[in-house]
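K.L.:
Fold the following.
(one chain, ligands or ions: 2)
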Amino acid sequence: MARHLKLLVQRWSSRVFSVEVDAAPRYFGVREQLRGEPVPPDVFSEVQKQDRCYSLLVCSGDRVTGDRFHWELRDRLQTQLPPGSGLRSMSSFIPDQKGSLLKGYFLQSQAGNSSLIEDILTDLEQRNPVLVCSYSQSEDGQQWTQCLWYQSEENPVRFCVVPSETPKHHPSVLNMINSDVFYSLEEACDVLKQCGDIIPETRSVLGMLPSSLDARRKPDFPVIVIEGLDATGKTTLTESLRDSLGATLLRSPPQCLSAWRGRFDREPPLIRRAFYAVGNYITAEQINQEASKSPVIVDRFWHSTAAYAIATAVTGPVSNLPHEGAEVYRWPGDLLQPSLVILLTLDPEERKRRLRSRGLMKTDEEEELDHNKLFRLRVEEAYRRIGGPACTALDASPSADLVLQQALLLIRAKCHL
Ligand SMILES: Nc1ncnc2c1ncn2[C@@H]1O[C@H](COP(=O)(O)OP(=O)(O)O)[C@@H](O)[C@H]1O
Ligand SMILES: Nc1ccn([C@@H]2O[C@H](COP(=O)(O)OP(=O)(O)O)[C@@H](O)[C@H]2O)c(=O)n1
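P.N.:
Ligands and ions are numbered 1, 2, ... in the order given. I've put the predicted structure just below:
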């Protein structure tokens with residue numbers, strides 16, 4: 001077994017395992033002694049006695065390969081597994097240890113399906129960076145035990161499965177920085193550079209970057225960013241502001257990346273977020289050039305990149321988000337800071353009405369906003385928590401003209417235009 005896997009398994013008992021059930025993580029741990037705590041963790045309470053469970057944790061040393069494999073694995077399992085396998089997202093982490101998160105899946109095998117599932121798992125483990133554990137119930141039905149799948153045939157080392165306390169932070173928070181949200185151009189570029197061979201388009205994206213960036217340069221004219229969920233009226237307002245103020249209108253991601261956006265939207269979060277992060281720096285350079293001549297209005301910028309990334313990485317209610325004031329809500333030190341960020345807020349029903357009347361849905365994420373109320377609430381709250389500059393909320397429910405007048409009042413007060 002590779003050295004890093006050996007170390008991982010040796011530290012098994014300091015790890016917590018988390019399985020998502022109805023968007024709420026359930027936690028358990030493993031202990032070396034076989035008896036002692038006969039209470040099965042609640043994720044096992046619905047499993048039949050004769051069934052087995054399996055966990056698959058992605059353990060690639062290379063994060064780009066690992067994240068892509070984790071992403072594809074869900075589709076592969078969903079297609080190959082028999083119905084009733086109860087496929088769920090799972091992870092394993094060491095509480096409070098940043099970067100310790102491993103992602104994977106948890107599944108059940110019912111008696112009649114066991115040989116099919118075992119064939120799928122054996123094949124997966126032989127060819128891919130995945131560590132498979134199996135879980136079975138003890139003879140007396142008092143305890144669930146975990147053992148490594150590859151050694152389960154001969155003399156397996158069994159660990160007791162025990163309930164674990166809910167950790168202080170949602171597990172995803174441990175790996176968020178530089179996996180979901182990037183705080184420097186260098187970190188985002190590193191990810192894209194690593195993808196050069198598998199996604200040739202990354203070279204063209206990186207080629208759009210300016211040769212040097214100066215985030216400290218103060219633009220001569222104000223730079224105003226308009227943020228908000230899809231269909232809150234950003235396009236309508238930004239176009240009116242451009243006309244009223246004689247401003248230049250820019251957007252992030254910038255127009256020059258539009259040919260490659262769809263390609264990156266199909267990639268796992270690590271790569272997709274790195275693409276949008278780099279997009280902000282390209283827009284920043286365009287802002288620098290234009291703001292020496294006129295005010296600049298920007299349709300989406302850093303708040304969108306960070307808020308959607310943070311809200312997607314965690315699951316469940318708003319209370320699972322990193323706490324207010326946490327490091328993830330800071331502004332990247334090397335990214336141009338706008339003079340004002342206006343966040344358009346809208347009642348969910350009115351937003352849906354505008355979406356319907358516009359007649360098209362966009363990214364999977366935007367579609368998810370409609371179906372998943374908790375996701376929408378997390379995005380909105382993440383928007384509010386991001387600072388440096390923090391956004392100023394503006395009620396977007398009045399008529400387009402009234403929203404424009406209110407926005408102009410805010411801009412005049414803050415930017416002396
Ligand atoms: N203040 C407003 N009142 C009513 N409808 C609006 C208002 N602002 C925008 N709309 C309409 O709502 C839809 C979404 O607006 P749009 O500007 O495209 O939003 P976004 O750019 O945020 O996705 C469009 O059909 C637009 O005409
Ligand atoms: N600066 C940006 C802009 C968009 N995005 C992503 O792009 C999606 C929204 O794009 P969209 O095309 O629906 O945006 P609009 O049409 O509302 O401007 C979100 O899901 C974000 O994840 C980003 O990450 N950073």
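K.L.:
Check the secondary structure at the residue nearest to residue 138 when sequence neighbours are not counted for me.
P.N.:
Residue nearest to residue 138 in three dimensions, not counting chain neighbours: residue 145, with 6.4 Å by C-beta to C-beta, 6 or more residues apart in numbering. C-beta coordinates here come from the backbone N, C-alpha and C atoms, glycine included. Assigned by DSSP: H, G, I helix; E, B strand; the rest coil, the conformation of residue 145 is strand.
K.L.:
In this model residue 133 seems to touch residue 145, though I could be wrong.
P.N.:
No. Judged on C-beta atoms under 8 Å, residue 145 makes no contact with residue 133 at a distance of 10.1 Å.
K.L.:
Comparing those two, which shows the higher neighbour count?
P.N.:
residue 133 (24 against 17; other C-beta atoms under 10 Å).
K.L.:
Residue numbers of this structure in contact with ligand 1?
P.N.:
Residues of the chain that fall close to ligand 1, judged by C-beta under 6 Å from any ligand atom: 228, 230-236, 354, 357-358, 396, 399-400, 403.
K.L.:
By neighbours, which of those residues wins?
P.N.:
Neighbour counts for the residues of the chain next to ligand 1 (other C-beta under 10 Å) peak at residue 396, which has 28 neighbours.
K.L.:
Look up which helix or strand the closest residue to residue 159 other than its chain neighbours falls in, please.
P.N.:
What sits nearest to residue 159 in space, not counting adjacent residues and going by C-beta to C-beta, 6+ apart, is residue 30, at 3.7 Å. Here residue 30, judged by DSSP states H and E, is contained in strand 24-31.
K.L.:
Return, as residue ranges, the portions of the chain with sub-threshold pLDDT.
P.N.:
Judged by pLDDT under 70, the chain has its weakly predicted residues at 1-6, 33-40, 151-155, 360-363, 365-367, 369-371.
K.L.:
any idea how far the most centrally placed residue in it is from residue 117?
P.N.:
Geometric centre of the chain, nearest residue: residue 313, 3.1 Å, by C-alpha atoms, centre = their mean. With distances taken as C-beta to C-beta, to the nearest Å, residue 313 is found 29 Å from residue 117.
K.L.:
now residue 103
P.N.:
Summarising the geometry, the distance separating residue 103 from residue 117, computed by C-beta to C-beta, is 20 Å.
K.L.:
Ok, residue 319 next?
P.N.:
Counting by C-beta to C-beta - residue 319 and residue 117 are separated by 36 Å.
K.L.:
if we can go back for a sec, what sits against the residue nearest to the centre of the chain?
P.N.:
Applying C-beta atoms under 8 Å, 6 or more residues apart in numbering, we find residue 313 in contact with 172, 173, 176, 180, 269.
K.L.:
For those residues, which two are the farthest from each other?
P.N.:
173 and 269 (14.0 Å; C-beta to C-beta).
K.L.:
who's more crowded, the two?
P.N.:
The residue with more neighbours, out of residue 173 and residue 269, is residue 173; 24 against 18, by other C-beta under 10 Å.
K.L.:
my read: the more buried one touches residue 315, true?
P.N.:
No. Using C-beta under 8 Å as the test, residue 173 is too far from residue 315 to be in contact (11.4 Å).
K.L.:
any idea which element residue 278 lies in?
P.N.:
With the criterion set as DSSP H and E, the secondary-structure element containing residue 278 is helix 269-290.
K.L.:
Show me what that helix is packed against.
P.N.:
Judged by 3 or more C-beta pairs under 8 Å, 6 or more residues apart in numbering; DSSP states H and E, helix 269-290 is in contact with helix 63-80, helix 185-194, helix 201-207, strand 248-251, helix 258-265, strand 296-299, helix 302-313.
K.L.:
got the CA coordinates for it in PDB?
P.N.:
Listed in PDB are the C-alpha atoms of helix 269-290, where the atom choice follows Å, rounded to 0.1, in the frame of the first residue of the first chain:
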ATOM      1  CA  PRO A 269     -15.400  22.600  -8.300                       C
ATOM      2  CA  LEU A 270     -11.600  22.900  -8.000                       C
ATOM      3  CA  ILE A 271     -11.100  23.500 -11.700                       C
ATOM      4  CA  ARG A 272     -14.400  25.400 -12.200                       C
ATOM      5  CA  ARG A 273     -13.700  27.900  -9.400                       C
ATOM      6  CA  ALA A 274     -10.100  28.400 -10.500                       C
ATOM      7  CA  PHE A 275     -11.500  29.400 -14.000                       C
ATOM      8  CA  TYR A 276     -13.900  32.000 -12.500                       C
ATOM      9  CA  ALA A 277     -11.200  33.300 -10.100                       C
ATOM     10  CA  VAL A 278      -8.800  33.900 -13.100                       C
ATOM     11  CA  GLY A 279     -11.700  35.600 -14.900                       C
ATOM     12  CA  ASN A 280     -11.900  38.200 -12.100                       C
ATOM     13  CA  TYR A 281      -8.300  39.100 -12.600                       C
ATOM     14  CA  ILE A 282      -8.700  39.500 -16.400                       C
ATOM     15  CA  THR A 283     -11.800  41.800 -15.700                       C
ATOM     16  CA  ALA A 284      -9.700  43.700 -13.100                       C
ATOM     17  CA  GLU A 285      -7.100  44.500 -15.800                       C
ATOM     18  CA  GLN A 286      -9.900  45.700 -18.100                       C
ATOM     19  CA  ILE A 287     -11.300  47.800 -15.200                       C
ATOM     20  CA  ASN A 288      -7.900  49.400 -14.700                       C
ATOM     21  CA  GLN A 289      -7.700  50.400 -18.300                       C
ATOM     22  CA  GLU A 290     -11.200  51.800 -18.500                       C
END
